[in-house]
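S.K.: What follows is a predicted structure for the sequence shown.
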There are 6 protein chains.
Amino acid sequence: MTGHSSPNPAKPRIASTMGKAAIFSEALPFIAQFRGGAVVIKYGGSAMVDDLLRGTFADDVAMLHYVGINPIIVHGGGRHISEAMGRQSIESEWIEGLRVTDEHAMRVVQATLVGEINPDIVRLINNHGSVAAGVSGLDANLFVAEPVDERLGFVGRIIEVNTGLVEGLQSQGYVPVVAPIARGIDGKTYNVNADVAASALATALGASKLVYLTDVEGLYRDLGDEGSLISRITVSELAELIEGGSVSAGMLPKLRSAVSAIDGGVGQVHILDGRMQHAVLLEIFTPEGIGTMITREQQP
Amino acid sequence: MTGHSSPNPAKPRIASTMGKAAIFSEALPFIAQFRGGAVVIKYGGSAMVDDLLRGTFADDVAMLHYVGINPIIVHGGGRHISEAMGRQSIESEWIEGLRVTDEHAMRVVQATLVGEINPDIVRLINNHGSVAAGVSGLDANLFVAEPVDERLGFVGRIIEVNTGLVEGLQSQGYVPVVAPIARGIDGKTYNVNADVAASALATALGASKLVYLTDVEGLYRDLGDEGSLISRITVSELAELIEGGSVSAGMLPKLRSAVSAIDGGVGQVHILDGRMQHAVLLEIFTPEGIGTMITREQQP
Amino acid sequence: MTGHSSPNPAKPRIASTMGKAAIFSEALPFIAQFRGGAVVIKYGGSAMVDDLLRGTFADDVAMLHYVGINPIIVHGGGRHISEAMGRQSIESEWIEGLRVTDEHAMRVVQATLVGEINPDIVRLINNHGSVAAGVSGLDANLFVAEPVDERLGFVGRIIEVNTGLVEGLQSQGYVPVVAPIARGIDGKTYNVNADVAASALATALGASKLVYLTDVEGLYRDLGDEGSLISRITVSELAELIEGGSVSAGMLPKLRSAVSAIDGGVGQVHILDGRMQHAVLLEIFTPEGIGTMITREQQP
Amino acid sequence: MTGHSSPNPAKPRIASTMGKAAIFSEALPFIAQFRGGAVVIKYGGSAMVDDLLRGTFADDVAMLHYVGINPIIVHGGGRHISEAMGRQSIESEWIEGLRVTDEHAMRVVQATLVGEINPDIVRLINNHGSVAAGVSGLDANLFVAEPVDERLGFVGRIIEVNTGLVEGLQSQGYVPVVAPIARGIDGKTYNVNADVAASALATALGASKLVYLTDVEGLYRDLGDEGSLISRITVSELAELIEGGSVSAGMLPKLRSAVSAIDGGVGQVHILDGRMQHAVLLEIFTPEGIGTMITREQQP
Amino acid sequence: MTGHSSPNPAKPRIASTMGKAAIFSEALPFIAQFRGGAVVIKYGGSAMVDDLLRGTFADDVAMLHYVGINPIIVHGGGRHISEAMGRQSIESEWIEGLRVTDEHAMRVVQATLVGEINPDIVRLINNHGSVAAGVSGLDANLFVAEPVDERLGFVGRIIEVNTGLVEGLQSQGYVPVVAPIARGIDGKTYNVNADVAASALATALGASKLVYLTDVEGLYRDLGDEGSLISRITVSELAELIEGGSVSAGMLPKLRSAVSAIDGGVGQVHILDGRMQHAVLLEIFTPEGIGTMITREQQP
Amino acid sequence: MTGHSSPNPAKPRIASTMGKAAIFSEALPFIAQFRGGAVVIKYGGSAMVDDLLRGTFADDVAMLHYVGINPIIVHGGGRHISEAMGRQSIESEWIEGLRVTDEHAMRVVQATLVGEINPDIVRLINNHGSVAAGVSGLDANLFVAEPVDERLGFVGRIIEVNTGLVEGLQSQGYVPVVAPIARGIDGKTYNVNADVAASALATALGASKLVYLTDVEGLYRDLGDEGSLISRITVSELAELIEGGSVSAGMLPKLRSAVSAIDGGVGQVHILDGRMQHAVLLEIFTPEGIGTMITREQQP
């Protein structure tokens, strides 16, 4: 493969290729700022199911990897799990809005996250130029959890993150792809929330950025008004926004995880629209950015 | 935790503890011989489903790991896959004795191997003192395969083994647990035979030993005579035995993989009875050994 | 500095930013191909004197550096040296088309290359995000030369390249900027041709690419016809072209160095138009490429 | 050498070999606890002169070494030195219970410890599968001492321990065997007490355990009553025991060194019966332990 | 090359060679004291222009290098710059005793320091057995400066020293030769005082010694009395001497830099007579020393 | 300690100190040639028993060590062993000119070499600025030997040299001091000839030089004529000399070992007069050299 494919007429080509080069130049200061750091990406929603978006996401991961901004993927699995539950006619019981996860359901969750979604992402990234390695929260005890509430069964709260395996994979040049399950303190497998797991891992790794790929454009000052998209917000402004009720219920867990990551030392948290092609790259490589960026109070 | 639990009366205790110590002494020359090398263990059969045997297997892995004989586990999944197929009412078509694996069946195979069996083994080993990390054949392109026969669908023949990830995990002190699927040259997931995968990995790693845990005592000179168990056999004697028809059909693929491993430089291949507690340790740590050992012609 | 500068109206922005992202995607396979290798760039002509071109060149160097394609700059100095000679009223004597370099002239050459041009390039690159370190051919005996012809004085032919210093600088993350003078076997300073020095260094380093930044668009099949620009040519085709007389005299030394580099194992040599902004990046990062690429006979 | 020696009848063999395996399993948690740490063993008494005990001691050292519990041997030399003194008709003068060591006597002590006992232990261990390297307290100034009392001549008190050489040997996989002499601050050789030297070295190395191999079963609550053997005692209980006069005079220096080691951060000190085969291994590898273990007040 | 050149008559030769050996012995304690440390040498004056002295200086640098006392050379350039200014008929304007350095003058300064003097020293040292690498203050932003006074133009005060490049060169076994210019905070080149630059670099490197090679014998208690040469002085005694007016105006900047280095942690500063052959070696390797040594108050 | 001890009158001092410096300069090319290599020194004779010579020898070792020429000392022990034999009234039996070494005699030999001479040399060197570590041929199985002739008892011929321990000590900055005993293939201790051991070790280490410190000036062309001292000789000339009978019987074993070392790749072997102070340093550091140098035929 080479940079030469066809002897096109020179002049018009030059115009457009020069435009291309300018875009690389524009990205330089952002690459300079973030290279050498780690970026944890919570991968889910449309970006994980739409084939075109899957491809551009894998390209973005490869590009980050190439410029020395180390990506770590933490994936969710909501839709797949529900489908798998359905296929096996498992009916869910709910307590205070949380699904009870008994042993049978936990096996389905594990099989879906670790055995379906995770290897598919690994394969996808390996098709796009990087070399990924799948990791479950059980591997080398990456995530250790305690039960949230014994009535809920195998639903866990992460109490320990052992980053040795993930850091080892990074230092050998692999892109870690993480399935959000955990080893319980009783030695059994627990289900953990993927948004929270991404935040906990970003904090433990001292990541520069934590990126949530969602199916919304970002946060809005006024939920009904698309023009009120917030480009940048501090954690204290975010607290006011939440108190003011301007945040959708579905977004709340992400935002709490975001605040927790910022408090734990992560530089920036981003709520990006995963329905947009190359969302991650655009956020990091372009001066205009996209989505909503959450930062601590005083930006240094 | 310490070496002191109770103030037992001294004399009778001493007699038995001295017996214990003699057993460690007996193991010394075998540890000296194999430490620093790698031992690939094909894990399957009763040893993988019986709870007591699972525990003693995990103990054996820990003990090997502690004495510097690096274990790598390659697991199968026959029974679990059949059960999963059944649960989802998938009926199998057969061509010349091989099951056709279409895309749906392949997803069930992958989910079962990577999402059920593999994490369970990782968790098991982590409960017994070592630190395991699960690896699928897709991770870092560990196994690359081509289709065996296009009518069979996603059934693959391994054509490339990339050991970097497995060696990296070992050098960081983790025990790799490998699920036998492969990345096809078309970028899709392929099912590969676990016995063959274990042999290919042992060869690529330059392992000292390849161990098959089976549900038989070993090879017999005379299939019907339990007293004719073969303790040790060379690959040429094995060829005669096969030609003579004294080998059960089910054992043939293992034996072919064994010969291939020996030809590829693996020191010794063992057919062990996984129904026996601590089968692996007994083979390696005791002078009498167990099961059948296959070696090349001239033992140096 | 961050990826967020202003809350622009969303929609039109997205269109253009998505275009940007596509350009990064397009570059991925080329980055994948060349990262980890070294690219020696002979820097001279307009690209070295025009302020705008100097800036875009420094950006290109930074971008290569960031994606792991290690740039080494070898600069010339023709115009500056002539000016310096003029300022000091040194008149040159010529023998068979080559300028005689006596001790006084050599001091002016050294002062100009090592004391004017080299530090200016170092400063330029350090302004654009990478960290450069200047190296003269005397440092750590990088270039050792013998006299070309004793009547010519201190004009040298490189007979030894000691790459230790340059490789050490690269491994510490610096961009080496090399001034083409050499240590004579008599311990004195010699002037060496920059095109030849770039080729010798690329060969000694086992570079993937050697890039000549010139003030022409590339090679033409027919010297008078701009439409006959050659996109790609093998060294044997190049030999025919030279025999056919279709090459300008000024281009001959570059082409001989190019052939020598290819023979010495360098993958590709490029004749690029340094008058075009971002010429280096466009060559390496875009599928259409620019200028003329010289390769060996059989491309693997 | 291999794990296969004879085709014994299978069934009875299995019973006993399974018993063997259980013993390895039992040892696992203790190995897990102590591997990676260092164990300093004061070697002396019967274990150093009885041929059978010498062999089982060397086996124990090899086994510890194999499972990653790094043994360091510090040997004494009482009986040999007395014999050597006798052979050369040196008569000892005594001041307050301590033998005066003049220059001649010191030469005999040095020759015996460094030239007789130390190489013999090195040779012994090398016969049993590990690779030992002898070290005297003079080597790399391991032990530096000041005179205890000038009337006593070359009897020293250790004031400095330089562990670099010992740690270097360990990191290269050798078992250090240490002869307890020291470099005086006057540059001459001094005799130091082996029990004290073992304690000082264990403290300087941050060892997990310090083991004294003696010719008694351990400590007794009641000196005359064999049934009163103490399995475990804290340093404060030990202080009471000493005050209560229940300790033999010969044991006092060992106990003071033990307290000093515990105070200096060593985890556990053991008084073991070196007359028992495999005493060291039994202490570390079996749940019942043997002898007396001394710990600090609060066990974490 | 070997230690054998001729079969001289033995006896008289032995007498003199034994004298030689005694001189090496005498140097041992000084080598033992300073090896492993760094010695920054401000190189200038006669030692830099006299051919004989240049050779013995290069020998001294090699000898220091060989015995593990890492030399770093910082050179000045007063006379050469004045000559170059003269050659180009640049007339200097003066403000309060400091020469105004406009852009043209700065180019001459840079060309002279970086392009004439520095490569000549590199070449000299490479002729004498060590391997030198030239470094300008611009390389890897070694020296960063701010303007001293805007009326003075490009005259800078060092505000930052980045030692990474110099330490990298040392760790690879090269002798760094440093030209005292700096990168301004405006990205332009600034002239910095060589004495001050040597002091700043010695401080940033934590050097054991800073050596000023001058054209005087050292400091005198009484300026007019050659017999009053000061062998050793503390910084507070030095302050008194300066207040007392016994210091020549030309020496003042050196002494202020000396005090600043001592305050910054450099062990000793030396004012040596560079007109003496081997001045550096004699200071460091002989018990009598030469010149004046400046130390902090309490010598430990 | 510093380079300043007293304010001597300046002028006469300078004269002599300048002479000193010249001597260092003279040594430079020899240091440059041999640094980085290893020099094995067979230490014995007067140099090992005379106190003044012992001190200058230790100084030489330190100086070699400081300039990066790694010394390894192999000592003999003839006189001490005879004395020790005498003290214990052991009478020796002789077979064909070789002393029979029974078990008792071997213990005396081991105690003397390892327990008396070796630690004394270690202590001596540690007094003179380097850090030595004693090694016996048993340590890490440095020397493995087979019996020369069973009638001679424990007299061994070296058949294997394991340099790992010695190289490890060197890489940690220690000076190895080696006692010439060996581990027999029967696991017992054997006596080996020190001259041969030095040659075997020099060969195994790939040493640049092997130095024999003797009590003669060197080799003579004519045994009776002191004026016929040979400065330099090739191995083939040496063969002629031996055949011609011009070599004393006592020198023969050294010369055979010398030839063997040269054949094994050692660069130069020296026969030096250890009765001369600083003999080693004078050989290596001065152009005139001393003693006799043995080289292979063609000096490159």
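M.R.: Arrived safely, thanks for sending.

S.K.: between the helix or strand where A:A84 lies and helix B:78-87, how many degrees?
M.R.: According to DSSP states H and E, A:A84 maps onto helix A:78-87. Going by axes from the mean of the first three to the mean of the last three CA atoms, to 10 degrees, helix A:78-87 is angled at 80 degrees with respect to helix B:78-87.

S.K.: quick one: contacts for the closest residue to chain C within the stretch 1-150 of chain A?
M.R.: Closest to chain C within the stretch 1-150 of chain A is A:A21: 3.1 Å, counting by CB to the nearest CB. Where you see a C-beta, it was placed from the backbone N, CA and C, and this is true even at glycine. Counting by CB atoms under 8 Å, 6 or more residues apart in numbering or on different chains, A:A21 touches C:56, C:60, C:277-278, C:281-282, C:285.

S.K.: Just read off the phi/psi values of it.
M.R.: phi -60, psi -40 (degrees, to the nearest 10).

S.K.: ok, for it, nearest residue in space, not its chain neighbours?
M.R.: Excluding the flanking residues, the one nearest A:A21 by CB to CB, 6 or more residues apart in numbering or on different chains is C:H278, at 3.1 Å.

S.K.: Contacts only, for that neighbour.
M.R.: Applying CB under 8 Å, 6+ apart to C:H278 gives the contacts A:18, A:21-22, A:24-25, C:56, C:59-60.

S.K.: again with A:V235
M.R.: A:258-259, A:262-263, A:294-297.

S.K.: Restricted to strands, list the residues you listed.
M.R.: Judged by DSSP state E, strands contain the following of those: A:294-295.

S.K.: and the residue nearest the centre of chain A, what are its bridge partners?
M.R.: Taking CA atoms, centre = their mean as the criterion, A:K42 is the residue nearest the geometric centre of chain A, at 1.3 Å. Counting by DSSP bridges, A:K42 is bridged to A:V74, A:Y212.

S.K.: measure it to A:A202 for me?
M.R.: 9 Å (CB to CB, to the nearest Å).

S.K.: Identify the contacts common to these two.
M.R.: The overlap between the contact sets of A:K42 and A:A202 (CB under 8 Å, 6+ apart) consists of A:L210.

S.K.: wait, doesn't A:I125 sit right on A:D60?
M.R.: No. The criterion here is CB atoms under 8 Å, and A:I125 misses it with A:D60 at 10.3 Å.

S.K.: Can you tell me the closest non-neighbouring residue to A:L281?
M.R.: Per CB to CB, 6+ apart, closest to A:L281 is A:D60, 4.3 Å.

S.K.: Would you mind giving the secondary structure of the one you found?
M.R.: helix (DSSP: H, G, I helix; E, B strand; the rest coil).

S.K.: give the contact list for A:D120.
M.R.: So A:D120 contacts nothing (CB under 8 Å, 6+ apart).

S.K.: I'd assumed A:G156 was in a strand, is it?
M.R.: Yes. With three-state DSSP as the criterion, A:G156 is located in a strand.

S.K.: Verify the stated contact: A:I290 with A:V280.
M.R.: No. Here A:I290 does not reach A:V280: they are 9.5 Å apart, not a contact under CB under 8 Å.

S.K.: I'd guessed A:V148 sits against A:G156; true?
M.R.: Yes. The pair A:V148 / A:G156 is scored as a contact, 6.5 Å apart, by CB under 8 Å.

S.K.: Neighbour count: those two, which is higher?
M.R.: The neighbour comparison of A:V148 against A:G156 (other CB atoms under 10 Å in any protein chain shown) goes to A:G156, with 29 against 18.

S.K.: what sits against the closest residue to A:A140 other than its chain neighbours?
M.R.: Nearest residue to A:A140, sequence neighbours excluded (CB to CB, 6+ apart): A:L165, at 3.8 Å. A:L165 makes contacts with A:135, A:139-140, A:142, B:133, B:169, B:172, B:174, as judged by CB under 8 Å, 6+ apart.

S.K.: just so I have it, where are all the helices in chain A?
M.R.: A:10-34, A:46-49, A:51-66, A:78-87, A:103-112, A:118-127, A:164-171, A:194-205, A:235-243, A:252-263, A:279-285 (DSSP state H).

S.K.: partners of the nearest residue to A:E217 once chain neighbours are set aside in the sheet?
M.R.: Distance criterion CB to CB, 6+ apart; nearest residue to A:E217, sequence neighbours excluded, is A:D273 at 4.7 Å. A:D273 has the following beta-bridge partners by DSSP bridges: A:T214.

S.K.: A:D273 contacts A:I290, correct?
M.R.: Yes. Under the criterion of CB under 8 Å, A:D273 makes contact with A:I290 at 6.8 Å.

S.K.: Which of these two has more residues huddled nearby?
M.R.: It is A:I290, of A:D273 and A:I290, that has more neighbours when counted by other CB under 10 Å, with 29 against 23.

S.K.: pLDDT score assigned to that one?
M.R.: pLDDT, A:I290: 88.

S.K.: Over to it: give its phi and psi.
M.R.: The phi/psi pair for A:I290 (degrees, to the nearest 10) is phi -150, psi 170.

S.K.: For the stretch 1-150 of chain A, give the residue positioned nearest to chain D.
M.R.: A:N141 (14.3 Å).

S.K.: ok, that residue touching A:V161?
M.R.: No. At 9.3 Å, A:N141 does not count as touching A:V161 under the criterion of CB under 8 Å.

S.K.: one step back: overlap in contacts, A:D273 and A:I290.
M.R.: A:218, A:279.

S.K.: For A:D215, which residues are in contact?
M.R.: Here A:D215 is in contact with A:45-46, A:273-275 (criterion: CB under 8 Å, 6+ apart).

S.K.: how far away is it from C:V166?
M.R.: Computed with CB to CB, the distance linking A:D215 and C:V166 is 50 Å.

S.K.: just A:G97 next, same as before
M.R.: Relative to C:V166, and taking CB to CB, A:G97 is found at 63 Å.

S.K.: quick one, which of the two is more surrounded?
M.R.: Taking other CB under 10 Å, A:G97 and C:V166 do not tie; C:V166 has more neighbours (25 against 6).

S.K.: What is the burial count for A:S199?
M.R.: Using other CB under 10 Å, A:S199 has 31 neighbouring residues.

S.K.: pretty sure it contacts A:P253?
M.R.: No. Look at A:S199 against A:P253 with CB under 8 Å: they stay out of range, at 9.7 Å.

S.K.: now A:R35, nearest residue through space, not along the chain?
M.R.: A:G68 (3.9 Å).

S.K.: And A:E26, by the same measure?
M.R.: Closest residue to A:E26 apart from its sequence neighbours, by CB to CB, 6+ apart: A:P287 at 6.3 Å.

S.K.: The one you found: how many residues sit nearby?
M.R.: 15.

S.K.: Tell me the spacing between the residue lying closest to A:H80 once chain neighbours are set aside and B:Q110.
M.R.: Distance criterion CB to CB, 6+ apart; nearest residue to A:H80, sequence neighbours excluded, is A:T112 at 5.0 Å. Noted for A:T112: a distance of 11 Å to B:Q110, by CB to CB.

S.K.: Who has more neighbours out of the two?
M.R.: B:Q110 (27 against 23).

S.K.: residues touching the more buried one, list them.
M.R.: Applying CB under 8 Å, 6+ apart, the residues contacting B:Q110 are A:115-116, A:119, B:136, B:181, B:189.

S.K.: Just put the residues you listed in a markdown table and tack on neighbour count, pLDDT and distance to chain F.
M.R.: As requested, the contacts of B:Q110 are exported to a markdown table (neighbours: other CB atoms under 10 Å in any protein chain shown; pLDDT from 0 to 100; distance: CB to the nearest CB, whole Å):
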| residue | neighbour count | pLDDT | distance to chain F |
| --- | --- | --- | --- |
| A:G115 | 31 | 97 | 47 |
| A:E116 | 22 | 96 | 51 |
| A:P119 | 28 | 97 | 44 |
| B:S136 | 29 | 98 | 40 |
| B:I181 | 30 | 97 | 43 |
| B:T189 | 25 | 97 | 47 |
